[in-house]
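> no sequence for this one, just the structure:
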């Protein structure tokens, strides 16, 4: 890990138990990187590094990486996936979006559909939203009793600990945008007919609850950033900063995992191909 | 569709009921394209077109594309996925590899796991091997009674018809390589320590049955290339020809599907974002 990489991680990682005040974290912060053009080129290079490391992860076949993306509407979850993982492509990466639970999913506990979608060994799994909706939208919109939601922080920590102890490394990213930036992005969806399909009138209802959501995020960050599955607060008003930060942390993590091509149980001379 | 695209499709598509003789189809054929460099650049451009079309497919949200890749070991299924679909990335594309069925899968009929993995509306699904293993390896290795296998061709046609009638367009590609080319590629896996993990001694057992496999492929092509779900025999000894042919057909098919951004049920003026 380079010094720059380490300083980026330190700056955005939430320490276990740390009280994060989102208002004190500037969503437009670009101090982690120098100029935009150079950073974009570096991000493309990182995406290629991630591809090479993913190939080793796949060859090794014994561990997985789970990347969890959370963030308010328009925070750029899709764009992050495109920019960080397109060089790797769909072969070793699977994306699971978690929307409103179906009837079947609601007939189970809230981690049931999550567990089913966890990446198999050798692959990278990306969750576009996740089990954290259970302490975000469900809390703000009062979809579950508060007493039940209270229990979930520890349940989630236990679940994620289980996953990491069984070979899955977990990275969690909260894409942090400002209320003004969201306004701009929503307005863009209204103004550009090609983006109309992305506009969901329900997003405006969520916007009304902006402050409550920020509170819920803060509690989530404080209670569920753990050594085994850390949260990162990514300044996401500038897309190039967001992409660069996430790519840096994914690449450094894969490098740390250091997956190895497995040793063959045979010698090349054992075989003749006729 | 351009004239060149049409001529490529006509050349590799198997007409319903057509008796394909694989020996008469040259796996090294590159006559479909001009020079290698130009073709590679064109394939990259096609991959970008596919990405744009996929975005429309996703926005439309009512149909899916299923791409089925079959071919002997080393025929280049993974490489095809990388080259044709990496510009699209993992966001709207899911890849499902079908290996030896698990105990749970064997406790169901052979189409059960296939149906479960079919792409949801708005996405592209890629099968790396598929239900056709049920008339290939199971036939050659006598894993199922021949009488049962005989019934499968019609069952598969009915299943695929059902999928297409319910909004999934199907493209099937057989990656056709020569026995010599396979020898070279297997030898490469033995010679290059970085590729050792890809070498499976069991592949040599399959190679012994080469002619029987070719027979099984020919029967499959004749009986399961249908108007609703056509087979294509892709000359695959040259990777750039293989990639270009598959990319051309996928792009032309998506263009034919012509997915549309949905019309919003509201007027932009209906909303004010505060």
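Alright, I've got the coordinates. These numbers were taken from a predicted model, which means no experiment stands behind them.

> what comes into contact with the helix or strand hosting residue A:222?
According to DSSP states H and E, residue A:222 maps onto helix A:210-224. Contact partners of helix A:210-224, identified using CB atoms under 8 Å, 6 or more residues apart in numbering or on different chains, comprise A:14, A:17-23, A:70, A:72, A:132, A:135-136, A:139-140, A:153, A:156-157, A:160, A:172, A:174, A:179, A:206, A:231, A:233. Every residue, glycine included, has its C-beta placed from N, CA and C.

> got it, and stretch A:26-41?
A:7-8, A:11-12, A:176-178, A:181, A:235-238, A:240-241, A:243-245.

> so for the helix holding residue A:222, what gets flagged as buried?
Neighbour-count burial for helix A:210-224, counted by 16 or more other CB atoms under 10 Å in any protein chain shown, picks out A:213, A:214, A:216, A:217, A:218, A:219, A:220, A:221, A:222, A:223, A:224.

> helices or strands next to the following helix or strand past that helix in the packing?
Using DSSP H and E, the next helix or strand after helix A:210-224 towards the C-terminus is strand A:231-235. Judged by 3 or more CB pairs under 8 Å, 6 or more residues apart in numbering or on different chains; DSSP states H and E, strand A:231-235 is in contact with helix A:3-12, strand A:168-176, helix A:210-224, helix A:239-257.

> do you know which of these lies nearest residue A:190?
Of all the helices and strands packed on strand A:231-235, helix A:210-224 sits nearest to residue A:190, with 18.2 Å by CB to CB.

> angle of the helix holding residue A:222 against strand A:168-176?
150 degrees (axes from the mean of the first three to the mean of the last three CA atoms, to 10 degrees).

> wait, isn't residue A:101 in contact with residue A:112?
No - in this structure residue A:101 lies outside contact range of residue A:112 using CB atoms under 8 Å: 9.5 Å.

> if we can go back for a sec, from the helices and strands packed on strand A:231-235, which stretch is densest packed?
Burial among the helices and strands packed on strand A:231-235, expressed as mean neighbours by mean count of other CB atoms under 10 Å in any protein chain shown, is greatest for strand A:168-176, which shows a mean of 23.

> and the angle from that strand to helix A:239-257?
160 degrees.

> quick check: residues of the stretch 151-274 of chain A near chain B?
Proximity of the stretch 151-274 of chain A to chain B, by CB under 8 Å from any CB of the partner chain, involves residues A:183, A:186-187, A:190-191, A:193-194, A:196-199, A:201, A:204, A:207, A:261-264, A:266, A:268, A:271, A:273-274.

> buried members of those residues into ChimeraX, please.
With 16+ other CB under 10 Å as the burial test, the buried ones among those are selected in ChimeraX as follows:
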select /A:186,190,196,197,198,199,207,261,264,271
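
> got the residues of the stretch 1-150 of chain A near chain B?
A:59, A:61, A:78, A:81-82, A:85-91, A:93-95, A:126.

> so which of those residues are in helices?
Secondary structure from DSSP state H places A:59, A:78, A:81, A:82, A:85 of the residues of the stretch 1-150 of chain A next to chain B in helices.

> which two in those residues are spaced the farthest apart?
Farthest-apart pair in those is A:59 and A:78; separation 28.7 Å (CB to CB).

> quick one: buried residues of the host helix or strand of residue A:44?
Residue A:44 is part of helix A:36-60 when elements are defined by DSSP H and E. By neighbour count on 16+ other CB under 10 Å, the buried set for helix A:36-60 is A:39-40, A:42-43, A:46-47, A:49-51, A:53-60.

> which helices and strands does the helix or strand following it pack with?
As assigned by DSSP H and E, the chain's next helix or strand after helix A:36-60 is strand A:64-71. Contacts defined by 3+ CB pairs under 8 Å, 6+ apart place strand A:64-71 against helix A:77-85, strand A:124-128, strand A:168-176, helix A:239-257.

> averaged pLDDT, strand A:64-71. What do you get?
For strand A:64-71, mean pLDDT rounds to 98.

> now do it against helix A:36-60, angle only.
Going by the same axes, to 10 degrees, strand A:64-71 makes 140 degrees with helix A:36-60.

> which residues are in contact with strand A:64-71?
Here strand A:64-71 has contacts from A:57, A:77, A:80-81, A:118-130, A:132, A:136, A:163, A:167-177, A:217, A:236, A:250, A:253-254, A:257, using CB under 8 Å, 6+ apart.

> if I look at the nearest residue to residue A:266 once chain neighbours are set aside, how far off is residue A:159?
Closest residue in space to residue A:266, ignoring its immediate chain neighbours: residue B:201 at 6.8 Å, by CB to CB, 6 or more residues apart in numbering or on different chains. Going from residue B:201 to residue A:159 by CB to CB, to the nearest Å gives 39 Å.

> check residue A:228 too.
Residue A:228 is 11 Å from residue A:159, by CB to CB.

> over to residue A:138?
Residue A:138 is 16 Å from residue A:159, by CB to CB.

> next: residue A:153.
Counting by CB to CB - residue A:153 and residue A:159 are separated by 11 Å.

> which residue is the nearest non-sequential neighbour of residue A:53?
Among residues not flanking residue A:53 along the chain, residue A:254 sits closest, at 3.9 Å (CB to CB, 6+ apart).

> and that neighbour, what does it touch?
Contact analysis of residue A:254 by CB under 8 Å, 6+ apart lists A:50, A:53, A:54, A:57, A:65.

> residue A:161 looks like it's in a strand, true?
No - if the criterion is DSSP: H, G, I helix; E, B strand; the rest coil, then residue A:161 is helix and not within a strand.

> before I go, just wanted to say thanks for your time.
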